[in-house]
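Engineer: I would like to see how this sequence folds:
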Amino acid sequence: MAGLIGLSASEACAQSTLERVRSRGQLICATSQGVPGFSLPNTAGEWEGFDIDICRAVAAAIFDDPMQVKFVPVATKDRFTVLQTGEVDLVSRQATWTLGRDAGLGLNFTAVNYYDGQGFMVNKKLNISGVKELEGASICVSQGTTSELNLADYFRTRNMKYEVVAFVGSEEAFNAYTSGRCDAVTNDTSVLASYRSKLKEPDQHVILGEIISKEPVGPWVRNIDDQWLDLVRWTVFALLNAEELGVTRANVQDMKKSDNPEIRRLLGVEGKFGELLGVTNDWVVRMVSAVGNYGESFDRNLGEGSSLKLARGPNRLWTQGGYQFAPPVR
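Structural biologist: This next block holds a predicted model:
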């Protein structure tokens, strides 16, 4: 495994990831090559999206400036390699948490910032209403992904035949689907919805109702630096806690005057929890001021405030019947 890591052991011991980021003056974050709602340049060329907000929040915690980030768009097959070799500091894009990846790549999964599941999209003219009707169909998929493995498992266990049409990345798979090279395309349902929104006639494409897998996704880091792992992990947790406690982009400064001890600890008024992570104690104030809390980021990029209009579903807070739950700051 040591051969996969571009940073030598002596380099890792000599300087932490946080120290390297500070001395460089910017965070380097790998993201997708363009998925609406998650990571996509706007008309001004600035990266925006749900995954982008995680990187900007980390930069805000370190530099008090969410723009101190260099984004590196990478193909699906390269997303872990660029992290292993030290070309980037973290990966914030759709990458499912699995045992093989967590224990076998020299990387650490940080926290689930989106609960997803794999689905299928078909052209409405095919009159397909369920996955069972894809018997014998050709299906476009990205190589080297859990989507490719789940596809094989699903059809094999049901003794269904299909033709796999694999491509190096999601963009290529979707382009092949829209050009008619396959009957269906499979990916996480959020990604299907994102790509459908880019089509000329999105209403002519149907995302089937069945979900065939569990896809917990979130940021990844190298497993050589526990402090960096903690900082990125607690970035996700802090944004969730902020939503639960009612701390928003608009009221975060006023909330520092709150008598609620949970809010006071979260915002650094009491305790020295930021210092434990190597940043200032007002790190959460910086992050929420930059990108909002978890719910604000979700709504702006994926939910009702976006063109995708995705429901929160399992990504609702645990207090609202969802899965999203963060440990307390104390």
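Engineer: can you map out the helices along the protein?
Structural biologist: 9-14, 17-24, 50-63, 81-84, 99-104, 146-157, 170-178, 189-196, 226-244, 252-255, 261-266, 273-276, 283-291, 294-301 (DSSP state H).
Engineer: now for the last one, which elements pack on it?
Structural biologist: If I follow you right, that is helix 294-301. Judged by 3 or more C-beta pairs under 8 Å, 6 or more residues apart in numbering; DSSP states H and E, the packing partners of helix 294-301 are helix 50-63, helix 226-244. Glycine gets a C-beta too; all of them are placed from N, C-alpha and C.
Engineer: gap between the longest one and the chain center?
Structural biologist: The reference is to helix 226-244. 14 Å (C-alpha atoms, centre = their mean, to the nearest Å).
Engineer: Spatially nearest residue to Phe167 (excluding sequence neighbours)?
Structural biologist: Spatial nearest neighbour of Phe167, excluding adjacent residues (C-beta to C-beta, 6 or more residues apart in numbering): Ala173 at 4.4 Å.
Engineer: which stretches of this structure have low pLDDT?
Structural biologist: Scanning the chain for pLDDT under 70 picks out the ranges 1-14.
Engineer: I'd like the distance between the residue located most distally from the centre of it and Arg312.
Structural biologist: Residue farthest from the centre of the chain, counting by C-alpha atoms, centre = their mean, is Asp259 at 33.6 Å. Remark: distance between Asp259 and Arg312 (C-beta to C-beta, to the nearest Å) = 30 Å.
Engineer: And the contacts of stretch 185-200?
Structural biologist: 35-38, 94, 114, 116-121, 139-142, 147, 151, 170, 173-174, 176-178, 202, 205, 207, 211, 215, 217, 302, 307-308, 310 (C-beta atoms under 8 Å, 6 or more residues apart in numbering).
Engineer: First-to-last residue distance for that stretch?
Structural biologist: Stretch 185-200 has an end-to-end distance of 17 Å (criterion: C-alpha to C-alpha, to the nearest Å).
Engineer: Please apply the same query to stretch 264-276.
Structural biologist: End-to-end distance for stretch 264-276, by C-alpha to C-alpha: 16 Å.
Engineer: want to try a markdown table for the helices and strands packed on helix 294-301, with mean neighbour count and distance to Arg330 as columns?
Structural biologist: Shown next, in a markdown table, are the helices and strands packed on helix 294-301 (neighbours: other C-beta atoms under 10 Å; distance: least, C-beta to C-beta, whole Å):
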| stretch | mean neighbour count | distance to Arg330 |
| --- | --- | --- |
| helix 50-63 | 27 | 19 |
| helix 226-244 | 22 | 11 |
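Engineer: how about the ones you listed in JSON lines, adding distance to Asn293?
Structural biologist: Converted to JSON lines, the helices and strands packed on helix 294-301 look like this (distance: least, C-beta to C-beta, whole Å):
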{"stretch": "helix 50-63", "distance to Asn293": "10"}
{"stretch": "helix 226-244", "distance to Asn293": "4"}
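Engineer: Tell me which of these lies nearest to Phe273.
Structural biologist: Proximity to Phe273, assessed across the helices and strands packed on helix 294-301 by C-beta to C-beta, is greatest for helix 226-244 (8.5 Å).
Engineer: for the closest one, packing partners?
Structural biologist: helix 17-24, helix 50-63, strand 220-222, helix 261-266, helix 283-291, helix 294-301.
Engineer: For those, state which one has the densest average packing.
Structural biologist: Of all those, helix 50-63 has the most neighbours on average by mean count of other C-beta atoms under 10 Å, namely a mean of 27.
Engineer: Render the CA-only coordinates of it in PDB, please.
Structural biologist: Coordinates of each C-alpha in helix 50-63 appear next as PDB, following Å, rounded to 0.1, in the frame of the first residue of the first chain:
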ATOM      1  CA  PHE A  50     -23.600  20.400  -2.700                       C
ATOM      2  CA  ASP A  51     -20.200  18.600  -2.900                       C
ATOM      3  CA  ILE A  52     -18.500  22.000  -3.500                       C
ATOM      4  CA  ASP A  53     -19.900  23.400  -0.300                       C
ATOM      5  CA  ILE A  54     -18.000  20.900   1.700                       C
ATOM      6  CA  CYS A  55     -14.700  22.000   0.300                       C
ATOM      7  CA  ARG A  56     -15.600  25.700   0.700                       C
ATOM      8  CA  ALA A  57     -16.600  25.000   4.300                       C
ATOM      9  CA  VAL A  58     -13.300  23.400   5.100                       C
ATOM     10  CA  ALA A  59     -11.500  26.300   3.400                       C
ATOM     11  CA  ALA A  60     -13.600  28.800   5.500                       C
ATOM     12  CA  ALA A  61     -12.600  26.900   8.700                       C
ATOM     13  CA  ILE A  62      -8.900  27.200   7.800                       C
ATOM     14  CA  PHE A  63      -8.600  30.500   6.000                       C
END
